[in-house]
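> Curious how this folds, go ahead:
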Amino acid sequence: MLIQDIMRYPVITAVPEATIREVMALMFKQRIRHVPIVDGEGRLVGIVTDRDVREAGPSRIRHDEEDFRVFDEPVQTIMKRDVITSHPHEFVEEAAFIMKQYRIGCLPVLSRQDIVGIVTHSDLLGALVELMGVDQPSSRLEIEVVDRTGILADMTAIIKELGISITSFFVYKGVKPGYRRVALRVRTMDPRKLIEHLIAAGFEVIWPRLEDL
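Coordinates of the predicted model:
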């Protein structure tokens, strides 16, 4: 899945000269938490988050009328200028890694220096739900397999023989050395026959166990 498949567009932006108060109102009206800042030619020059706005405002404990004048300052005084961005053709998992690595809540998406979209944590969460197939009727299995060439082909051959479709398929590090865990969703609400065939072929089905079905 590519960034262009999940990004939001058109992007709601503001100019550097807009006041902090105006950006606050924009966030409230549009129900957003991130506002890219663009110059007169539409080039990305910064970004402001709801956290930036809160930190710029007066203290909740002690404040007076003069403290609120900060909201009349241009937003360029609080915007972050070193903006980490993405590209429409990057993979979703790469964007997730970048956001985790830099602890940021969004990625403006640029193409030829033009801002064409934006991706947030909620967009990535929606992509994860779709990739995992949770939004479709299915059964989830956890299988531990030996980490060797051809093992996944052996397993999927069994699924194919039973005429069952795979909705999603993920492989990750196993608990035991030399093993991998396979998390898959199959398009059946009764996976007992499949589990029986997998066990008969020597696969260790971690979940669900037959006795629990």
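
> The chain: strands as residue ranges?
Along the chain, the stretches classed as strands by DSSP state E are 34-38, 44-49, 106-111, 114-120, 139-146, 166-173, 179-186, 204-207.

> and the gap between the most centrally placed residue in the chain and residue 107?
Nearest to the mean C-alpha position of the chain, by Cα atoms, centre = their mean, lies residue 124 at 1.8 Å. Computed as Cβ to Cβ, to the nearest Å, the residue 124 to residue 107 distance reads 9 Å. From N, CA and C alone the C-beta is placed, and that goes for glycine too.

> which residues do these two both contact?
The contact sets of residue 124 and residue 107 overlap at 95, 99 (Cβ atoms under 8 Å, 6 or more residues apart in numbering).

> ok, the residue nearest to the centre of the chain touching residue 94?
No - contact criterion Cβ atoms under 8 Å: residue 124 and residue 94 do not qualify, at 11.0 Å.

> follow-up on the earlier one: disregarding residues adjacent in the polypeptide, which is nearest to the residue nearest to the centre of the chain?
residue 96 (5.2 Å; Cβ to Cβ, 6 or more residues apart in numbering).

> can you pull the contacts of the residue lying closest to residue 164 once chain neighbours are set aside?
Nearest residue to residue 164, sequence neighbours excluded (Cβ to Cβ, 6+ apart): residue 186, at 5.0 Å. Shown in contact with residue 186 (Cβ under 8 Å, 6+ apart): 138-139, 141, 159, 164-167, 194.

> Kindly report the same for residue 164.
With Cβ under 8 Å, 6+ apart, residue 164 has these contacts: 186-188, 194.

> quick one: which of the residues you listed is nearest to residue 116?
Residue 116 has its nearest neighbour among the contacts of residue 164 in residue 187, at 34.9 Å by Cβ to Cβ.

> Per-residue pLDDT of the closest one, please?
In this model, residue 187 is scored at 94, pLDDT.

> How about it, nearest residue that isn't a chain neighbour?
residue 165 (4.2 Å).
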